[in-house]
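Chemist: got a structure for you, letters missing:
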């Protein structure tokens, strides 16, 4: 293989890899996942639709995983299965310390176990400081079904910060290099004919 052809293939692979890195993807976050444009929380054999809002910051925009900023946050959990309406459910938010040894001391919000016959749990909590937290939803008479999902508040992800700052210059450089390498091999008669 000619060295120049190998270089073309390398540049092409870099362009494809950068495109894949810059595409927006939804990553499962503990018990939360994005399916069919809905945030679903899996709690044992059951699922709930998860919606989060920050009226002061994002108005009507809904979020599914990390909370974009500090401030008042409204969370709504809608039951998908009818069976959940007869079971008690508890919601807890704890500081993510890496351990759950001292659950009560790390709890920042707790909605005690209760039956929600209307099929919807909603609550508001004001996050005063950015940080990492874990949401815990427990369902069942003996609290046998538990879902834990880590999330951050007001902390932009490293990759999103990196891509927002460097994406345009890096992409422009890759495109220019790609054009230079792909056009370099062509003869002047080929360029004029195309």
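Modeler: Here it is on my side, so go on. Since the structure is predicted, the reported quantities are computational estimates derived from the model, not experimental observations.

Chemist: okay, and for this protein, where does confidence drop off?
Modeler: Applying pLDDT under 70 to the chain flags residues 1-38, 59-60, 156-168, 185-194.

Chemist: show me where it has strands.
Modeler: Counting by DSSP state E, the chain has strands at residues 32-35, 38-43, 46-53, 62-63, 71-79, 88-95, 107-115, 120-127, 131-139, 145-153.

Chemist: would you convert those into TSV that also reports mean neighbour count and distance to residue 178?
Modeler: In this view, the C-beta of every residue, glycine as well, is placed from N, C-alpha and C. TSV is the format used below for these (neighbours: other CB atoms under 10 Å; distance: least, CB to CB, whole Å):
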stretch	mean neighbour count	distance to residue 178
strand 32-35	16	32
strand 38-43	19	38
strand 46-53	20	40
strand 62-63	16	36
strand 71-79	18	44
strand 88-95	19	47
strand 107-115	14	49
strand 120-127	14	44
strand 131-139	19	39
strand 145-153	17	36
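
Chemist: among these, which is nearest residue 183?
Modeler: Set against residue 183 and scored by CB to CB, these come closest in strand 32-35, at 41.0 Å.

Chemist: residue 90 bridge partners, please.
Modeler: Counting by DSSP bridges, residue 90 is bridged to residue 138.

Chemist: dump the residue contacts of it.
Modeler: Residue 90 sits next to 110-114, 136-139, 143 when contact means CB atoms under 8 Å, 6 or more residues apart in numbering.

Chemist: how about 7 Å then?
Modeler: For residue 90, the contact set (CB atoms under 7 Å, 6 or more residues apart in numbering) comprises 111-113, 138, 143.

Chemist: one step back: dump the strands of the chain to JSON lines, plus distance to residue 183.
Modeler: What follows is these, written out as JSON lines (distance: least, CB to CB, whole Å):
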{"stretch": "strand 32-35", "distance to residue 183": "41"}
{"stretch": "strand 38-43", "distance to residue 183": "46"}
{"stretch": "strand 46-53", "distance to residue 183": "49"}
{"stretch": "strand 62-63", "distance to residue 183": "44"}
{"stretch": "strand 71-79", "distance to residue 183": "52"}
{"stretch": "strand 88-95", "distance to residue 183": "56"}
{"stretch": "strand 107-115", "distance to residue 183": "58"}
{"stretch": "strand 120-127", "distance to residue 183": "53"}
{"stretch": "strand 131-139", "distance to residue 183": "48"}
{"stretch": "strand 145-153", "distance to residue 183": "45"}
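
Chemist: out of those strands, nearest to residue 184?
Modeler: Closest among those, using CB to CB: strand 32-35, at 43.1 Å.

Chemist: follow-up on the earlier one: quick one: which of the contacts of residue 90 is nearest to residue 41?
Modeler: Using CB to CB, the contacts of residue 90 come closest to residue 41 at residue 138, 11.9 Å.

Chemist: touching, that closest one and residue 146? I think so.
Modeler: Yes. Contact criterion CB atoms under 7 Å: residue 138 and residue 146 qualify, at 5.1 Å.
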